[in-house]
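Participant: starting from these lines, generate the structure:
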Amino acid sequence: MKFLTRKKSPDSEANKSQRITQSKKGKSVILSVIDKRKAFVIGMIVLSLGLFFAEFQFEKAGVVVAIILGLLTDLILYWAIREDLKENFSIELFILPFFYSLAFTLFYFLLPTRIIIRLVLTSLYAFGLYSLFLSENIFTVGAIRTIALLSGARIVSFVLTLISYFFLTNILFSLHLWIFFTIPLLAIYTYPLVYQALWTYDLQKLIPSIKVWAAVISLCILELGIAVWFWPSSPTVIALSLAGFLYTLVGLSHVWFEKKLFRSVLWEYVWVGVIVVFVLLLFTSWGK
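Facilitator: Residues are numbered from 1 along each chain as shown. Below you'll find the predicted structure:
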């Protein structure tokens, strides 16, 4: 009695092993994404609780607490994306997370001690922080290859940059310091935030003069900061005007990098600048 045996084709064996390898890679990628999202959620919860309880426990050491939360934000981000950073480490990824937590924590101490205000601000902080973590993760991958989510991450990052800048500037001018202290402090966070906002459009490092570009924009903002220091207006209006000026200059740079600086786009930013000047004039206390 004869039994017919069928020999396995080498090609079929190779295809089978290739499918198994691809399956394992796909599972590892999925697990990596899940692990990062879990890390982002854990970090968001820890930092949000730290922000919420900051005013209760550390009222006299607000600056120290703000710096600690800012550094902790960077540490959590590094912990979450440490595997991706092995291939492409960029210090720019950690600029905005630090200043974002710093701005919210310091601004937190200026608000009335009402539980509803704390809850609202903490919720906004948590939502923005999670979005920021996701954006920084996209930038990590986008520095290696172009991905579809990169445009959305840039928008989120720019909006959070404007919010952080507004909060920090509002805090700074609320202190009513001498001008020789105000302007250097303004420069300390203006240049890093401007540079980071420009860097998100230069992940492939195709623009060699981006640091000089950021320095020129920062210098323009600082010159306006000197002018508004003498301006008889409230810190909130001054902060709004400087944030609007930053939005105009950095936004124009973004469309220039994308080669989309058409006349219609240019006029949109010009009108934003006009509105900022109008608000500054409208809410100025000329009689004081």
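Participant: so residue 201, which state does it fall into?
Facilitator: coil (DSSP: H, G, I helix; E, B strand; the rest coil).
Participant: let me know how buried residue 134 is, in neighbour terms.
Facilitator: 17 (other C-beta atoms under 10 Å). (C-beta placed from N, C-alpha, C; glycine too.)
Participant: what ranges do the helices span in the chain?
Facilitator: Along the chain, counting by DSSP state H, helices occupy 10-57, 62-85, 95-108, 115-142, 150-174, 179-199, 210-229, 235-257, 263-282.
Participant: I'd like those helices laid out as CSV, including mean pLDDT.
Facilitator: As requested, the helices of the chain are exported to CSV (pLDDT from 0 to 100):
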stretch, mean pLDDT
helix 10-57, 65
helix 62-85, 89
helix 95-108, 93
helix 115-142, 89
helix 150-174, 94
helix 179-199, 95
helix 210-229, 93
helix 235-257, 91
helix 263-282, 84
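Participant: looking at those helices, which is buried most?
Facilitator: Stretch with highest mean neighbour count among the helices of the chain: helix 95-108 (a mean of 24; mean count of other C-beta atoms under 10 Å).
Participant: okay, the angle between it and helix 179-199?
Facilitator: 140 degrees (axes from the mean of the first three to the mean of the last three C-alpha atoms, to 10 degrees).
Participant: give me the contact list for helix 95-108.
Facilitator: Applying C-beta atoms under 8 Å, 6 or more residues apart in numbering, the external contacts of helix 95-108 come out as 47, 51, 54-55, 62-63, 65-67, 69-74, 77, 118, 121, 125, 128-129, 132-133, 136, 157, 160-161, 163-165, 167-168, 170-171, 189, 192-193, 195-196.
Participant: which residues touch residue 285?
Facilitator: 232-234.
Participant: same question but for residue 235, I mixed them up
Facilitator: 169-170, 172-174.
Participant: if we can go back for a sec, ok, so of the contacts of residue 285, who is nearest residue 85?
Facilitator: Among those, residue 234 lies closest to residue 85 (C-beta to C-beta), at 42.1 Å.
Participant: contacting residues around the closest one?
Facilitator: 283, 285.
Participant: again, only using 10 Å
Facilitator: 170, 173-174, 240, 283-285 (C-beta atoms under 10 Å, 6 or more residues apart in numbering).
Participant: any idea how far the closest residue to residue 121 other than its chain neighbours is from residue 102?
Facilitator: Counting by C-beta to C-beta, 6 or more residues apart in numbering, the nearest residue to residue 121 once its immediate chain neighbours are dropped is residue 108, at 6.2 Å. Going from residue 108 to residue 102 by C-beta to C-beta, to the nearest Å gives 11 Å.
Participant: what about residue 259, how many residues close to it?
Facilitator: 7.
Participant: one more: residue 178?
Facilitator: 9.
Participant: now for the nearest residue to residue 190 once chain neighbours are set aside: which residues touch it?
Facilitator: Nearest residue to residue 190, sequence neighbours excluded (C-beta to C-beta, 6+ apart): residue 218, at 4.9 Å. Residue 218 sits next to 186-187, 189-195, 225, 246, 249 when contact means C-beta under 10 Å, 6+ apart.
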